[in-house]
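*Asks:* Any chance you could fold what I've pasted below:
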Amino acid sequence: GMRHIRIPVTWMQGFPDNIADANGVLNTSHARLLELKAIVDYALAKKMYVEINAHHEHWLKDFYDGSAAFDDKFRTLWSGSATFFKDEPKQLLFDVLNEPEGKMGQWSGSGFPLPTDATAIALTRQIDKVAYDAIRATGGNNSTRIIMVEPNGQGNQGMIEEVFTTKANLPGGGTDAYLAIQVHTYDPWAFCGQTGSNAAFPGNSIFTTAIQKVATQSAILDVPVNYGEFGVGRTGGSERNTDVVRGYYKLMKQTCIASKMSWTVWDDRGWFGLISGGGAPVFTNGIVS
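*Replies:* Reported below is the predicted structural model:
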């Protein structure tokens, strides 16, 4: 019954042979890019919505200073990517940067500013606009393709009001009917983290209140929101195959729908996996039904 799929894509780092070079120039004959296109086309043929993004890309997130050197690389990357997928139907969506963090602000510190830092927020807005402008400039189907942007702090739901306080903080000045915001949440980490415990379950209201707060900001901005990542980690083993965890997923889904927001559960086939590598469900009793 699922109608969409989110495909994280790392373009410029992490592999011996990357899809795009150090300047962001796409290799349109790269085997991994052609495989990605085949997967996208397959899902689209199944009448699904498909989202691709720029995922990880720590060459940018860990060092971004707002300079033209970084902006030009990211602009080149998205210009090339958007052009490559330009003729795909509207059911293909772009998310410009997964979980802005590092110099754009993150909770763990490690020498980086907090997400609430004014400069970190400004850098997040800037890089979102760089990619947005690059995609729109390619024209064609990309003129009205849905583009998603994320707040900083790893896309944290709690930062939507800080980063996108008003329409003026959005790419396009908040006038683009095909712009959306994506947020993520693994709060509280003591329950949701990969080493979390069922004993740390905080009660339903913690989750519903946070989602409703995001929905309120969505209404203020008049921009739709996608809950693009949430889930419960399970390195602790079978403890997680319980009603409290199944109830969490059901609650998140139902609250998002009731708040007129779409939702995308995170399934990495590992710590946060819902489906095993062989295709069998990790949890029983219809956890996401």
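
*Asks:* so how far is the first residue of stretch 191-204 from its last?
*Replies:* End-to-end span of stretch 191-204 (Cα to Cα, to the nearest Å): 12 Å.

*Asks:* Stretch 44-55 too?
*Replies:* One end of stretch 44-55 to the other measures 21 Å (Cα to Cα).

*Asks:* Tell me where the stretch 101-250 of the chain has strands.
*Replies:* Here the stretch 101-250 of the chain has its strands, by DSSP state E, counting those that start in this stretch, at 147-149, 179-185, 225-230.

*Asks:* so A134 touches G80, yeah?
*Replies:* No. If you go by Cβ atoms under 8 Å, A134 and G80 don't touch, sitting 9.0 Å apart. C-beta coordinates here come from the backbone N, C-alpha and C atoms, glycine included.

*Asks:* Can you tell me what sits against stretch 204-220?
*Replies:* 157-158, 160-161, 164, 181, 183, 185, 187-188, 224-225, 227, 247-248, 251-252, 255-256, 259-261 (Cβ atoms under 8 Å, 6 or more residues apart in numbering).

*Asks:* Could I have the buried ones of those residues as PyMOL selection syntax?
*Replies:* The command below creates a PyMOL selection of those among the contacts of stretch 204-220 that count as buried (16 or more other Cβ atoms under 10 Å):
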select buried, resi 157+158+160+161+164+181+183+185+187+224+225+227+248+252+255+256+259+261
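
*Asks:* In helices, which of the contacts of stretch 204-220 fall?
*Replies:* Members of those lying in helices (criterion: DSSP state H): 160-161, 247-248, 251-252, 255-256.

*Asks:* tell me the SS of the most centrally placed residue in the chain?
*Replies:* Central residue of the chain (Cα atoms, centre = their mean): N98, 4.6 Å from the mean position. Secondary structure, DSSP: H, G, I helix; E, B strand; the rest coil: N98 is coil.

*Asks:* on that earlier part again, need the strands of the stretch 101-250 of the chain in a markdown table (columns: distance to F85 and mean pLDDT).
*Replies:* Below are those laid out as a markdown table (distance: least, Cβ to Cβ, whole Å; pLDDT from 0 to 100):
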| stretch | distance to F85 | mean pLDDT |
| --- | --- | --- |
| strand 147-149 | 12 | 98 |
| strand 179-185 | 17 | 98 |
| strand 225-230 | 19 | 98 |
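
*Asks:* Show me where the stretch 101-250 of the chain dips below the pLDDT cut-off.
*Replies:* 236-237 (pLDDT under 70).

*Asks:* Between A134 and G80, which contacts overlap?
*Replies:* Here A134 and G80 share no contacting residue, scored by Cβ under 8 Å, 6+ apart.
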